[in-house]
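[1] The sequence isn't on hand, but the structure is:
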């Protein structure tokens, strides 16, 4: 896996890994991710502010990394299919 999310990453760093992560965070009630204050918070700090506990943080970090892995696998499969289709033309 090329990128990995860690709980000590700042919110902008997390979002820079993959912009779709914003949808996941907002789905968890973290609507302030674009807020100026969030730019200086780690993912863990932001989650604590929103009432999450340390177990919740670990679960969400694992879920985000699973998402990244699944997306990477999907993109790889799509690239392979595109190469096969291009070769069949």
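    Done, it's in. Quick caveat, the model's predicted, so the values are computed rather than measured. Residues are numbered from 1 along each chain as shown.
[2] Would you quantify the distance from residue 45 to residue 64?
    16 Å (C-beta to C-beta, to the nearest Å). (C-beta placed from N, C-alpha, C; glycine too.)
[3] Check residue 56 too.
    Applying C-beta to C-beta to residue 56 and residue 64 gives a distance of 12 Å.
[4] out of these two, which sits in the busier spot?
    residue 64 (21 against 15; other C-beta atoms under 10 Å).
[5] all helices for this structure, in order.
    Using DSSP state H, the helices found in the chain span residues 11-17, 21-27, 43-49, 54-88.
[6] Could you work out which of these reaches nearest to residue 5?
    Of all the helices of the chain, helix 54-88 sits nearest to residue 5, with 4.4 Å by C-beta to C-beta.
[7] worst-scoring helix or strand of this protein, pLDDT-wise?
    Using mean pLDDT, DSSP states H and E, helix 54-88 stands out as the lowest-scoring helix or strand of the chain, at a mean of 90.
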